[in-house]
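K.L.:
Sequence first, predicted model second:
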Amino acid sequence: MLTTTSTRVVDPAELDDVFAVLRREPVNNAFIASRVHAAGLDALRLGGEMWGWYQRGRLKSLCYAGANLVPLCAGPEAVRAFAERARRQGRRCSSIVGPADSTAALWSYLEPHWGPAREVRRRQPLMITEEVPRDVRPDPLVRRLRKDEMELVLPACVEMFTEEVGVSPLAGDGGLVYQSRVAELVGSGRSFARVEDGRIVFKAEIGAATPHACQIQGVWVTPERRGEGLSVSGMAAVLRYALNEVAPLASLYVNDYNLAARAAYRRVGFRETGAFMSVLF
């Protein structure tokens, strides 16, 4: 019997086929699609391998295997194949993240071999918007950070990451990879903040950008200023930049238990359209 499906590392020459898969779910795939747009499929530049699941020789599904393991447009059969490849290779990622259904299925196969996880966030609402509500005034003090402001923004980024993920991004390699990522966002003009008296009181980044969609991340208000509405007006300002200069649609995903953040995002026009899931090691 001829084998009709197979799984392997995608060849860089298959870039057009990869983009065709990624365009099927432009919001779900925005983060990885943004990296592929910037780096192509070379594993060193991409920061990981891109695995492909093929049916009768045609590329149907993808899985990014780097610091994160991310299933992309993956149905049950593709997820099973990706899980088997990941199991044989051994865990090299710090998290599994992606659309809730495929990520939950992937984790169900890998948990007996990779578990227990440090934390599993099974439902993180995915939210999108195409406009800033007219009755929300964007914060005029939120601005794009300059390249010489890394020392200003890095402490806020570290505090946000540690609060959100539960571990410091400076652990392990001393924060070299994380600092490089922050510098990349600042350098590309996708890091925004409100600065008062030399301190950041609100910040957010456009972490991924494709011609179809962008993804906002790292939304943070300094603890002593929470409850003042800075996240609403700040997000409105970032959204204005994102929708006018980057892509026609903005997305984000948020922990389901973060009711205050979900309410703030709804206030600036975001609506829930699905869910992500994250497995943290």
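P.N.:
Alright, I've got the coordinates. Remember, predicted model here, so these are calculated numbers, not experimental data.
K.L.:
Provide a list of residues in contact with the residue nearest the centre of the chain.
P.N.:
The residue at the geometric middle of the chain, judged as the C-alpha nearest the mean C-alpha position with CA atoms, centre = their mean, is F31 (5.0 Å). Neighbour list for F31: 70, 207-208, 215 [criterion: CB atoms under 8 Å, 6 or more residues apart in numbering]. For the C-beta atoms, the positions are set from N, CA and C on the backbone; glycine is no exception.
K.L.:
quick one: low-confidence ranges for the stretch 1-150 of the chain?
P.N.:
The model of the stretch 1-150 of the chain has pLDDT under 70 over residues 1-3.
K.L.:
Quick one: the strands in it, in order.
P.N.:
For the stretch 1-150 of the chain, the strands identified by DSSP state E, counting those that start in this stretch occupy 5-9, 49-55, 58-65, 68-72, 95-99, 119-129, 142-144, in order along the chain.
K.L.:
Hmm, R143 is touching S191, no?
P.N.:
No: at 10.1 Å, R143 does not count as touching S191 under the criterion of CB atoms under 8 Å.
K.L.:
Between the two, which is the more surrounded one?
P.N.:
Here R143 and S191 are set side by side on neighbour count (other CB atoms under 10 Å), and the busier one is S191, at 26 against 13.
K.L.:
quick one, phi psi at that one?
P.N.:
Summarising the backbone geometry of S191 under the convention degrees, to the nearest 10, its torsions are phi -120, psi 130.
K.L.:
Break down the chain into its helices, ranges please.
P.N.:
When secondary structure is read from DSSP state H, the chain shows helices at 15-22, 30-39, 43-46, 76-89, 100-114, 150-165, 176-187, 230-245, 259-267.
K.L.:
Against which helices or strands is the first one packed?
P.N.:
The reference is to helix 15-22. Under the contact definition 3 or more CB pairs under 8 Å, 6 or more residues apart in numbering; DSSP states H and E, helix 15-22 sits against helix 30-39, strand 58-65.
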